[in-house]
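Undergrad: This is the structure alone, sequence omitted:
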Ligand SMILES: C[S@@+](CC[C@H](N)C(=O)[O-])C[C@H]1O[C@@H](n2cnc3c(N)ncnc32)[C@H](O)[C@@H]1O
């Protein structure tokens, strides 16, 4: 069977699942079909797959591009939600302590970071332990009502003048048909390109939400940018 025929078969089976109102089974067919269609660059099949995913509640952003270079620090970096692609660990290797609630996500991560299963709302480190804390598209996975606690914990474990770097995405309020949100990312690292996608159940968020949390927790906002739908904040713990 050709690649195209295999993809069409997956779409057909997914249509059957959609008719039977089994979204989970349809998802399990459409995502592999999506990966295959991407590999063979079939615009026609990609269009059909996106249409089917939309029917079962997925909202896809346009791919977002971000350029990244290693963080400038001699000290330790705590990476919150550092499983998955483990981008910060790819950039700064053994300087990074990657924590994630999901053991599976950490196991799949390929970099030299030290990987620890831990909840960002309940960090087991002593105060003033890290020079830098990062969150690379982790907040979108953490329920909004827990964000403040994560900021408080990051503040506590950072040294004075320590930096908290956040990359995340604006998630808009969508119509009722969509309840899942996916951001496809094209990441340019110094020696490698990473194409990935992070998907979550819908919860709205924007840069203003994070700036308010920074103010509440006494972080100083040192730098910020927005590019398309993604944004970045550089916060500083400045205790006098
Ligand atoms: C988008 S994914 C991984 C992004 C990752 N930083 C990367 O470089 O690819 C977000 C991660 O946050 C993790 N996560 C969700 N809630 C968490 C929490 N309370 N504490 C720590 N990690 C959490 C998820 O398990 C998931 O692996």
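TA: Perfect, I can see it now. Quick caveat, the model's predicted, so the values are computed rather than measured. Numbering: from 1, shown residues only.

Undergrad: Next one: residue 16 relative to residue 34, how far apart?
TA: Distance, residue 16 to residue 34, by CB to CB, to the nearest Å: 18 Å. For glycine as for every other residue, the C-beta is placed from the backbone atoms N, C-alpha and C.

Undergrad: more neighbours, these two?
TA: More neighbours surround residue 34 than the other of residue 16 and residue 34, with 20 against 13 (other CB atoms under 10 Å).

Undergrad: Now do the same contact list for that one.
TA: Each residue near residue 34 by CB atoms under 8 Å, 6 or more residues apart in numbering is listed here: 46, 49, 50, 53.

Undergrad: Give the partner strands of the longest strand seen in the chain in its sheet and their orientations.
TA: Longest strand in the chain, counting residues (DSSP state E): strand 158-169. Here strand 158-169 is paired, per DSSP bridges, with strand 130-136 (parallel), strand 230-237 (antiparallel).

Undergrad: is the ligand contacted by that strand?
TA: No - Strand 158-169 does not reach the ligand (CB under 6 Å from any ligand atom); its nearest approach is 8.5 Å.

Undergrad: near the ligand at all, whichever helix or strand comes after that strand?
TA: Counting by DSSP states H and E, the element after strand 158-169 in chain order, helix or strand, is strand 180-189. No - with CB under 6 Å from any ligand atom as the measure, strand 180-189 is seen stopping short of the ligand, the closest distance being 8.7 Å.

Undergrad: can you pull the buried residues of strand 180-189?
TA: In terms of neighbour count (16 or more other CB atoms under 10 Å), strand 180-189 has its buried residues at 180, 181, 183, 184, 185, 187.

Undergrad: Check what pLDDT the second one gets.
TA: Confidence per residue is given as pLDDT, and for residue 181 that number is 91.

Undergrad: Show me what it is bridged to.
TA: Counting by DSSP bridges, residue 181 forms beta bridges with residue 59, residue 200.

Undergrad: show me the contacts for it.
TA: By CB under 8 Å, 6+ apart, the contact list for residue 181 reads 58, 59, 61, 140, 171, 174, 199, 200, 201, 202.

Undergrad: same question, the first one
TA: By CB under 8 Å, 6+ apart, residue 180 lies in contact with 57, 58, 59, 199, 200, 201, 202.
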